[in-house]
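Novice: Predicted coordinates and the sequence they were generated for:
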Amino acid sequence: MLAAVAGIVATVVGSYLPGFSPLLLAIIVGIAVGNLVPLPQSTAPGLTYSSKTLLRAGIVLLGLQVVLGDILGLGVGMIAVVVAIVAGGILGTLAIGRLLGTSPVLTILVACGFSICGAAAVGAVAGVVDPKQKKGEDVATAIALVVLFGTIMIPLLPLTARLLGLETTTAGLWAGGGIHEVAQVVAAGGVLGGGALAVAVIVKLARVLMLAPVIAVLSLQARRAADRAETGTAADGDSARTGSVSSASGDHPTKLPPIVPLFVAGFLAMVLVRSFVPLPEAVLTTAGLAQTLLLSTAMFALGCGVKFRNLIHVGARPFILAALSTVLVAGLALGGVLLVG
């Protein structure tokens, strides 16, 4: 109930603040509430439900924003750049994380959040790499880093674009390819002005579309890891001859994550519907409002999990990882945009 009320308030207030996304507002309010208000334990189930189930429902509806025709209209070169940004950003951040020695879960969350679509990607990926929420602190840290560094990029990228003398359209392409959150891209596109906002959003939605294959790859890796762990458990049990029954025997089977999670399939289905089925404007408006409400509620719940006292204790390495990942993604985006021209 708390998260739902906060989501509604963020949606209403955000609609009256041009350039200020309800999702970003919900995250900030959630962080403030989580750190300033002692929440009763009774709110925990609702916050967990919001941060998982409602987040996934919102991602499904997010698919109605993606029109394949608009993505294809970017051209083969720019589509290749988007793929390179996401793939290079994830792989590069993983390599940086290994060098820094940061937590593997935190590293993959930062990699996907910074390379794809911010906090929504963090929440979606966390459901695959940390389904039992054993690394809740890593999820909260990744979300805080997305908010911090993505917000820094809102004024920094337009300023850098002007210093480099980039044309408005080129700067818009860079913003769409180099900034973390959809809301942050919209804000930066508004600062750039002209036609920058439209192209920035299209490029950003192309990155959002990459969430589906990335989740599928991570799910496949999780299944393989579970298979290896189950096989190893069975082998250890046989060699020890303890008489206990392993999960491989079938008494306690390990639940493997689906290769394509249901919410990802739903997201792709909505993309196809939006691209090939004529939908009344009223339907799109209603779906857009529902998506904003769901994601705002989820962002508030995720924000409540961000604790400043925990961020102080994580040390400097996560912040270094986030800074280098931001530079990497922005650099890949700028290089790709200039190359395609």
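Specialist: Done, it's in.
Novice: what stretches of the chain score poorly on pLDDT?
Specialist: 1, 14-20, 131-135, 229-257 (pLDDT under 70).
Novice: if we go to 50?
Specialist: Low-confidence segments of the chain, defined by pLDDT under 50: 242-252.
Novice: Geometric centre of it: which residue is closest?
Specialist: Ala121 (1.7 Å; Cα atoms, centre = their mean).
Novice: and the helix or strand where it lies, what does it pack onto?
Specialist: Using DSSP states H and E, Ala121 maps to helix 119-129. Judged by 3 or more Cβ pairs under 8 Å, 6 or more residues apart in numbering; DSSP states H and E, helix 119-129 is in contact with helix 55-62, helix 104-112, helix 136-164, helix 211-240, helix 281-304. Bear in mind the C-beta positions are built from the backbone N, C-alpha and C, glycine included.
Novice: picking that back up, would you mind measuring from the residue nearest to the centre of the chain to Leu211?
Specialist: Distance, Ala121 to Leu211, using Cβ to Cβ, to the nearest Å: 6 Å.
Novice: which neighbours do these two share?
Specialist: Counting by Cβ atoms under 8 Å, 6 or more residues apart in numbering, Ala121 and Leu211 have no common neighbour.
Novice: can you tell me how far Ile202 sits from Gly69?
Specialist: 10 Å.
Novice: more crowded one of the two?
Specialist: Ile202 (20 against 9; other Cβ atoms under 10 Å).
Novice: Quick check: buried residues in stretch 206-218?
Specialist: 206-212, 214-216, 218 (16 or more other Cβ atoms under 10 Å).
Novice: does the residue nearest to the centre of the chain really touch Val110, like I thought?
Specialist: No. Assessed by Cβ atoms under 8 Å, Ala121 is found out of contact with Val110, at 10.1 Å.
Novice: Need the residues that contact the helix holding Ala121.
Specialist: Helix 119-129 is contacted from outside by 23, 27, 51-52, 55-56, 58-59, 62, 105, 108-109, 112-113, 115, 133, 135, 139, 142-143, 146-147, 181, 211, 214-215, 218-219, 222, 257, 261, 263-264, 295, 298-299, 302, using Cβ under 8 Å, 6+ apart.
Novice: For Val186, find the nearest of the helices and strands packed on helix 119-129.
Specialist: helix 136-164 (9.5 Å; Cβ to Cβ).
Novice: Buried residues in the closest one, which are they?
Specialist: Here helix 136-164 shows 137-147, 149-151, 153-154, 157-158, 160-161 as buried, counting by 16+ other Cβ under 10 Å.
Novice: on contacts alone, who are the packing partners of it?
Specialist: Helix 136-164 packs on helix 22-36, helix 104-112, helix 119-129, helix 168-178, helix 182-192, helix 281-304, helix 308-314, helix 317-340, going by 3+ Cβ pairs under 8 Å, 6+ apart.
Novice: May I have the shortest one as CSV, with CA atoms only?
Specialist: Provided in CSV are the C-alpha atoms of helix 308-314 (Å, rounded to 0.1, in the frame of the first residue of the first chain):
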residue,chain,number,x,y,z
PHE,A,308,23.2,5.7,3.1
ARG,A,309,24.9,3.9,6.0
ASN,A,310,25.4,0.9,3.8
LEU,A,311,26.8,3.0,1.0
ILE,A,312,29.4,4.5,3.3
HIS,A,313,30.5,1.0,4.2
VAL,A,314,30.8,-0.3,0.7
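Novice: which helices and strands sit right next to that helix?
Specialist: Going by 3+ Cβ pairs under 8 Å, 6+ apart, helix 308-314 lies up against helix 136-164.
Novice: Could you check how far the helix it packs on is from the centre of its chain?
Specialist: 13 Å (Cα atoms, centre = their mean, to the nearest Å).
Novice: cool, and stretch 323-338?
Specialist: 17 Å.
Novice: again with stretch 189-196
Specialist: 23 Å.
Novice: what's the answer for stretch 195-214, then?
Specialist: That offset, for stretch 195-214, works out to 12 Å (Cα atoms, centre = their mean).
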